[in-house]
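In: Just need the structure, nothing else, for what follows:
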Amino acid sequence: MTGSLIPHWIGGEADPGVAARSGDVFDPSTGAVSASVPFASAAEVDRAVQVAVSAFETWREVSLSRRAAIMFRFRELLVAHVDDLAAAITAEHGKVLSDAVGEVQRGIENVEFACGAPHLLKGAVSHQVSTGVDVSSLLQPLGVVAGISPFNFPAMVPLWMFPNAIVCGNTFVLKPSEKDPSASLLMAKLLQEAGLPDGVFNVVQGDKEAVDALLSHPGIQAVSFVGSTPIARHVYVTGTANGKRVQALGGAKNHMVVLPDADIDTAADAAVSAAFGSAGERCMAVSVVVAVGEVADPLVAAIAERAASVRVGPGAAADSEMGPLVTREHRDRVASYVPAAADGGARIVLDGRDQHFDGDGFYLGVSIIDDVTPDMGCYRDEIFGPVLSVLRVPDYDAALQLLRANPYGNGTAIFTRDGGAARRFVDEVPVGMVGVNVPVPVPVAAFSFGGWGDSLFGDTHMYGPEGLHFYTRSKVVTTRWPDPATSTVDLGFPQSR
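Out: Residues are numbered from 1 along each chain as shown. I've put the predicted structure just below:
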């Protein structure tokens, strides 16, 4: 184990921890260990939660205007440090700098949404529902809430969570991925610089032990999670069994349906950028192209022509269009789907294993697999890498049936010039997010992110209005006002009605 230590952040300061276990953090472009990260024990998680519990007692009383002002300052600091955050993401995740910058910018949108808390958290009043009686509602924070975020978006996904949670008056404990934890520390320092009181935002590094400690801790009121479906199911079942409010976003198998009337060049460009951006390590990546009817041959040819020229190299290199995968083990697992598909009768249009790279980085070229059938592993599994499957179907109804049979329901897209077909698709497809001639339909921050089926456990989507709802609970107050005619207080004017 070499390199520096990436610590926890508890009570407003870096904390190296005392855990006996730790893990290596790699530079995916070289395969070398760049740092180590401590794995928090249950006792260390408890210490962070207790700090957050203490901070909640004063933070919840801070005015909405002050909370919003801190978020405004945090937003400005993020803008000023975009390049620093992007460099940290690229160094530990491997994605190219342009992707890393885009990640931070999409996260900033959620901070901007949180800045509107004084308006968004307004309650309601019904005046004089009965003689002298008013009824009002208000939104109050939950307490200490936790976020468990994935490796593929080490800045953006936490920014989906903690700005809303904190501006609502909660305190927060973040457990980032142990694969690329540095972004969490950078954001913690920027929050402190923005004026956030110590203890309101805390970071515990770790693995499953830390996750399970958060899910069972009596001081945690709610948990937000983004990751694979098996872990999302575990988080949801364990967290709710311990009486917590849980939003758990799972995996995906996002389809892009291309109808015969679609513009081939537009659809091919979209497929390549959506399938191979960030090396396919996106929960909204297009992993399946559904080619309808006669569009299949020209579409596959156009995608292959573009994909063959994708430049794979170090994420920090200016000419790289796709970086390495996050770990060697993940790279090898992704690569294994290509020969397995060929053995099952699929046609390999491009084989990413044929591209060779110098050094020990976790590189893999892009792959396109044609003539895929629904029983193949490359279709059933969430590969989470630069492998694009193509399924050919005869018509729109067959494409819709394919999507309805898939257990995932995160996002999908349709490419067509036919407004009627697009409208029908939006109505009929069983997913949470739909793109019409948009390959990656991630909602803007004023809406909320989340899928259906095995892509979501619980019923609350992430960020936006549903995010605010998740981090608050409502209270209804019924008030009977004294009759002015019987008041004993001299108001200085006739008490008549």
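
In: residues of stretch 285-303 that come out buried?
Out: 285-293, 295-296, 299-300, 302-303 (16 or more other Cβ atoms under 10 Å). All C-beta spots, glycine's among them, are computed from the backbone N, C-alpha and C.

In: actually stretch 257-267, not the one I typed
Out: In terms of neighbour count (16+ other Cβ under 10 Å), stretch 257-267 has its buried residues at 257, 258, 259, 260, 262, 267.

In: just to revisit the earlier point, next step: the buried residues of stretch 285-303 restricted to helices.
Out: Of the buried residues of stretch 285-303, the ones assigned to helices by DSSP state H are 296, 299, 300, 302, 303.

In: Who are the contact partners of the second one?
Out: Spelled out, it's residue 299. Going by Cβ atoms under 8 Å, 6 or more residues apart in numbering, residue 299 touches 258, 264, 267, 268, 271, 289, 291.

In: which residue sits closest to the third one, ignoring its sequence neighbours?
Out: Right, the one you point to is residue 267. Spatially, and ignoring its direct neighbours in sequence, residue 267 is nearest to residue 415 (4.4 Å; Cβ to Cβ, 6 or more residues apart in numbering).

In: For burial, what's the neighbour tally of that neighbour?
Out: Applying other Cβ atoms under 10 Å, we find 27 residues neighbouring residue 415.

In: Kindly state the beta-bridge partners for it.
Out: residue 258 (DSSP bridges).

In: just to revisit the earlier point, which one of the ones in helices among the buried residues of stretch 285-303 is nearest to residue 165?
Out: Comparing those against residue 165 with Cβ to Cβ places residue 303 closest, at 40.5 Å.

In: Contact partners for the closest one?
Out: By Cβ under 8 Å, 6+ apart, the neighbours of residue 303 are 268, 271, 272, 289, 368, 388, 390.

In: and these, which two are the farthest apart?
Out: Between all members of the contacts of residue 303, the farthest pair (by Cβ to Cβ) comes out as 272 and 390, at 12.6 Å.

In: related to what we said a few turns ago, residue 27: which of the buried residues of stretch 285-303 is nearest?
Out: Proximity of the buried residues of stretch 285-303 to residue 27 (Cβ to Cβ) peaks at residue 285, which lies at 22.9 Å.

In: ok, back up a step: mind listing which of the contacts of residue 303 are in strands?
Out: 289, 368, 388, 390 (DSSP state E).

In: Correct me if wrong: the first one contacts residue 256.
Out: Yes. Using Cβ atoms under 8 Å, residue 289 is in contact with residue 256, at 5.1 Å.

In: Can you pull the residues that touch both of those two?
Out: Between them, residue 289 and residue 256 share the contacting residues residue 271, judged by Cβ under 8 Å, 6+ apart.

In: Can you read off the pLDDT for the closest residue to residue 78 other than its chain neighbours?
Out: Computed as Cβ to Cβ, 6+ apart, the closest residue to residue 78 that is not its neighbour in sequence is residue 108, at 5.2 Å. What the model reports as pLDDT for residue 108 is 98.

In: Compute the distance between residue 108 and residue 85, please.
Out: Residue 108 sits 10 Å away from residue 85, going by Cβ to Cβ, to the nearest Å.

In: shared neighbours of those two, anything?
Out: Residues touching both residue 108 and residue 85 (Cβ under 8 Å, 6+ apart): residue 78.

In: Which residues are in contact with residue 106?
Out: Going by Cβ under 8 Å, 6+ apart, residue 106 touches 156, 442.

In: quick check, it in a helix?
Out: Yes. The assignment for residue 106 is a helix, going by DSSP: H, G, I helix; E, B strand; the rest coil.

In: pretty sure residue 34 is in contact with residue 26, am I right?
Out: Yes. Residue 34 lies in contact with residue 26 (Cβ under 8 Å); the separation is 6.4 Å.

In: Backbone torsions only: list them for residue 23.
Out: Main-chain torsions, residue 23, degrees, to the nearest 10: phi -130, psi 160.

In: what about it, neighbour count?
Out: Neighbours of residue 23 (other Cβ under 10 Å): 19.

In: For it, list the residues it contacts.
Out: Applying Cβ under 8 Å, 6+ apart, the residues near residue 23 are 36, 37, 39, 178, 207.

In: All set now, cheers.
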